[in-house]
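Q: what's the 3D shape of this:
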Amino acid sequence: MRGTWRVVSVAVDGRDHPGHRAIGGVQRIEQCGDRVVVTGGGIVHDMRADGSVERGVHDVAELDKTTPITVVASFEDGVHVLRPVGLPIEVTRRIEGSGDDRRLVWQYVGFTATLELVRI
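A: Numbers count the residues shown, from 1 in each chain. Below is the predicted model of the structure:
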């Protein structure tokens, strides 16, 4: 997942949503082993993806940058899974395709975004 990724399309309820607020958003993902750092939207989520609360995300929500969040992170069958403590939701990131055709698929609350790698 390492790299800088830009949201190029968003689907809501399985339908393309070209005017979605996430379009054009950029995420930088750094990864080494089970350590993952996701930077985007004015926040930096630094975590160990080992399934523990202790080494998960202890940060603030991107929405208002003040609401504390605690998130358990893991890798499950090659998918990066985030489970906020106390909420019945999952956020996932997975790579689809390979080489120059690979995409990052980010499933967030209410939408699924497709991101492409930014070539620098």
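
Q: excluding chain neighbours, what is closest to Ser52?
A: Val72 (6.9 Å; Cβ to Cβ, 6 or more residues apart in numbering). (Each C-beta comes from the backbone N, C-alpha and C, glycine too.)

Q: that's a strand at Val71, yeah?
A: Yes. Under DSSP: H, G, I helix; E, B strand; the rest coil, Val71 sits within a strand.

Q: verify the stated contact: it with Arg83.
A: Yes. Counting by Cβ atoms under 8 Å, Val71 touches Arg83, with 6.5 Å between them.

Q: ok, back up a step: how about the residue nearest to Ser52: which residues does it bridge to?
A: In this entry, Val72 is beta-bridged to Arg83, by DSSP bridges.

Q: list the contacts for it?
A: Gly51, Ser52, Val53, Gly56, Leu82, Arg83, Val85 (Cβ atoms under 8 Å, 6 or more residues apart in numbering).

Q: show me how to select, in PyMOL, the buried members of the residues you listed.
A: Here is the PyMOL selection string for the buried members of the contacts of Val72, based on 16 or more other Cβ atoms under 10 Å:
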select buried, resi 56+82+83
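
Q: can you report how many residues lie near Gly97?
A: Residues within reach of Gly97, counting by other Cβ atoms under 10 Å, total 10.

Q: with adjacent residues omitted, what lies nearest to it?
A: Arg103 is the one closest to Gly97 (Cβ to Cβ, 6+ apart), at 5.6 Å.

Q: how many other residues sit next to that neighbour?
A: Other residues near Arg103 come to 17 when the count uses other Cβ under 10 Å.

Q: so how far is Val72 from it?
A: Applying Cβ to Cβ, to the nearest Å, the value for Arg103 to Val72 is 25 Å.

Q: equivalent analysis for Ala11, please.
A: 26 Å.

Q: ok, Val37 next?
A: In terms of Cβ to Cβ, Val37 sits 16 Å off from Val72.

Q: next: Gly78.
A: Counting by Cβ to Cβ, the gap from Gly78 to Val72 is 18 Å.
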